[in-house]
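[1] Give me coordinates for this.
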Amino acid sequence: MNAAAPAPLLELRGVGQSYPAAESDARVKILEGIDLAVREGEIVAILGRSGCGKSTLLRIMCGLAEPSAGTVLYRGAPVTGPVAGISMVFQSFALFPWLTVEENVTLGLEAQGVGEAERNRRAEEVIDMIGLSGYESAYPKELSGGMRQRVGFARALVVNPDVLLMDEAFSALDVPTAESLRADLLDLWIERLIPTQAIVMVSHNIEEALLLADRILVFDSNPGRVKEEVRVTLKHPRDRESATFRALVERIYGIMTTAKAPAAGGAAGGRVGLAYRLPEVSVAQISGVLEQLDQAGQQGGAELSELAEEMHLDLDTLFAIVDALELLDLAHVAERRIRMTRHGKAFVDGDQAQRRRIFAEHLVRRVPLVAHILRVLDERPQRRAPEERFLRELEDRLSEQESERVLSVVIQWARYAELLDYDYDAGVLTMEVADEAGGV
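    Residues are numbered from 1 along each chain as shown. Sure, this is the predicted structure:
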């Protein structure tokens, strides 16, 4: 008879998170039905598109946020606030500029009531371990970005956490620095030089997740939920050029391209709602990917992984651009491959005037918020309306911050298409009178 599996260090049961819309009784779901057991000796990575609730989930895990549904357990006990056995490394360096390296590192120990002598001993030990010896008296402004993030790791590790949470901890660093810090952390983990029993990391980099993790949870969006789990059995150190590693990369791309929100890629115009969370990408980024596809040959198609590598796009940026292209019917993704539609090809082949016309046509037909704004402006004698008028409508379904972001994207796209103008100082949208004769 097999021995029972050890009890998880950290467990999530049916965890969900939602918040009320600003001016209605509806609730906006961020996370739904998350079940997860994190056990001793494993690194778990969470991958997903921007906005799927990855960072929110980490904050719930460590007790910095309370879920609106479900339960979080640490060593079998409910988590109702910050937990001494769980530490977190943030994406931003989050250091106090008026404190030295040593003072930043010992801050958590001081809050726990650890005596000065013990604080200093543990700080010296972890500062040396993380590669910061000699910088104990330095202030954050005197350190490079990589060194500042090492301070963040030292601060998280000095309290001897059972579980270390990392919220895109390497994303703010340049590539060589991120590689170095990632390798150092992995060495500390493999050689058991840190007391941490488990690591949960959020990443937007597929290769990073595969280099570190034993399990990868691929999240779907709207609301965020686990779409599929990928187990990684490759031994460390892992060779990113090996056939097995590359096959796992392609497998995850395949999962992510079939795990989109219902209203995303390829949706007909009527399927996208007025308050659809438009991806925050520029027209230049959209044009750049279409031009790259046009150069790729094979009827304008390319593997997503190749496209990301060639254009140096991180996962969040790549999928945001892909979402925009599919929403506007300029490209289509099947499995792991992206191809231009005939409209995308016409856009690439056109001059600037033709590109603006095609973009305008697709905005009006496929983004209901654009068509709605134009109708409202057209009904007004001076064809002007304050942005607050549209923000209030969006806030029926979205948060205030998200409403502002979505309207900002619409304004940027519609101005490129010459559908409307925007007075930043007055916060007023305007449709030019000349549009009356032209139309789209």
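
[2] Could you list the domains of this protein?
    10-257, 269-348, 362-438 (automatic domain parsing).

[3] nearest to residue 356, of those?
    domain 362-438 (5.5 Å; CB to CB). Placement of C-beta: from N, CA and C, glycine included.

[4] Over that closest one, what's the mean pLDDT, rounded is fine.
    Domain 362-438 comes out with an average pLDDT of 88.

[5] With stretch 258-275 instead?
    52.

[6] Equivalent analysis for stretch 235-245, please.
    94.

[7] For residue 172, see how far away residue 93 is.
    7 Å (CB to CB, to the nearest Å).

[8] Of the two, which one has the most company?
    residue 93 (19 against 16; other CB atoms under 10 Å).

[9] residue boundaries of the strands in the stretch 51-200 of the chain?
    Remark: strands assigned in the stretch 51-200 of the chain by DSSP state E, counting those that start in this stretch are 69-74, 77-78, 86-89, 163-167, 198-203.

[10] So which residues of the stretch 1-150 of the chain form helices?
    If DSSP state H, counting those that start in this stretch is used as the criterion, the helices of the stretch 1-150 of the chain fall at 54-61, 101-111, 116-129, 145-157.

[11] need the contact list for the residue nearest to residue 214 when sequence neighbours are not counted.
    Nearest residue to residue 214 in three dimensions, chain neighbours excluded: residue 42, at 4.6 Å (CB to CB, 6 or more residues apart in numbering). Counting by CB atoms under 8 Å, 6 or more residues apart in numbering, residue 42 makes contact with 198, 199, 214, 215.

[12] Top of these by number of neighbours, please.
    Highest neighbour count within the contacts of residue 42, by other CB under 10 Å: residue 199, with 23 neighbours.

[13] hang on, that residue packs against residue 161?
    No. Using CB atoms under 8 Å as the test, residue 199 is too far from residue 161 to be in contact (9.7 Å).

[14] Next, the buried residues of stretch 207-215.
    207, 208, 209, 210, 211, 212, 213, 214, 215 (16 or more other CB atoms under 10 Å).

[15] ok, back up a step: what do residue 93 and residue 172 both touch?
    145, 149.

[16] quick one: which of the domains of the chain is nearest residue 355?
    Closest among the domains of the chain, using CB to CB: domain 269-348, at 5.4 Å.

[17] follow-up on the earlier one: which one of the buried residues of stretch 207-215 is nearest residue 426?
    Distance to residue 426 across the buried residues of stretch 207-215 (CB to CB) is lowest for residue 208, with 44.5 Å.

[18] would you list the domains of the chain in JSON lines and tack on distance to residue 354?
    Converted to JSON lines, the domains of the chain look like this (distance: least, CB to CB, whole Å):
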{"stretch": "domain 10-257", "distance to residue 354": "29"}
{"stretch": "domain 269-348", "distance to residue 354": "8"}
{"stretch": "domain 362-438", "distance to residue 354": "12"}
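
[19] JSON lines please, covering the contacts of residue 42 and showing distance to residue 223 and pLDDT.
    Formatted as JSON lines, the contacts of residue 42 follow (distance: CB to CB, whole Å; pLDDT from 0 to 100):
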{"residue": "198", "distance to residue 223": "25", "pLDDT": "96"}
{"residue": "199", "distance to residue 223": "25", "pLDDT": "96"}
{"residue": "214", "distance to residue 223": "26", "pLDDT": "96"}
{"residue": "215", "distance to residue 223": "21", "pLDDT": "97"}
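
[20] Counting neighbours, what do you get for the closest residue to residue 388 other than its chain neighbours?
    In space, not counting the residues next to it along the chain, residue 388 is nearest to residue 427; the distance is 6.9 Å by CB to CB, 6+ apart. Neighbours of residue 427 under the rule other CB under 10 Å: 11.

[21] residues near residue 14, how many?
    12.

[22] Excluding chain neighbours, give the residue nearest to it in space.
    Leaving out its chain neighbours, the residue that sits closest to residue 14 by CB to CB, 6+ apart is residue 70, at 3.8 Å.

[23] contacting residues for the one you found?
    Residue 70 touches 12, 13, 14, 15, 16, 33, 34, counting by CB under 8 Å, 6+ apart.

[24] If you rank those by neighbours, which is first?
    Result: residue 34 is most packed of those (other CB under 10 Å), 26 neighbours.

[25] Just the pLDDT for the closest residue to that one other than its chain neighbours.
    Distance criterion CB to CB, 6+ apart; nearest residue to residue 34, sequence neighbours excluded, is residue 15 at 4.2 Å. pLDDT for residue 15: 95.

[26] Ramachandran angles for residue 227?
    Note on residue 227: its backbone torsions stand at phi -90, psi -50 [degrees, to the nearest 10].

[27] just to revisit the earlier point, could I get the strands of the stretch 51-200 of the chain as a markdown table with distance to residue 141?
    Shown next, in a markdown table, are those (distance: least, CB to CB, whole Å):
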| stretch | distance to residue 141 |
| --- | --- |
| strand 69-74 | 36 |
| strand 77-78 | 40 |
| strand 86-89 | 20 |
| strand 163-167 | 23 |
| strand 198-203 | 27 |
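
[28] Which of those strands sits closest to residue 51?
    strand 198-203 (12.7 Å).

[29] Quick check: neighbours of the closest one in the sheet, parallel or antiparallel?
    Take DSSP bridges as the rule and strand 198-203 pairs in its sheet with strand 42-47 (parallel), strand 163-167 (parallel).

[30] Reformat those as a markdown table; add distance to residue 86 and mean pLDDT.
    A markdown table is the format used below for those (distance: least, CB to CB, whole Å; pLDDT from 0 to 100):
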| stretch | distance to residue 86 | mean pLDDT |
| --- | --- | --- |
| strand 42-47 | 13 | 96 |
| strand 163-167 | 5 | 94 |
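
[31] so which of the ones you listed gets nearest residue 79?
    Closest among the strands paired with strand 198-203, once you apply CB to CB, is strand 163-167, at 10.8 Å.

[32] List the buried residues of the helix or strand containing residue 385.
    Using DSSP states H and E, residue 385 maps to strand 384-386. If you call a residue buried by 16+ other CB under 10 Å, then strand 384-386 has these buried ones: residue 385.

[33] All good on my end, thank you.
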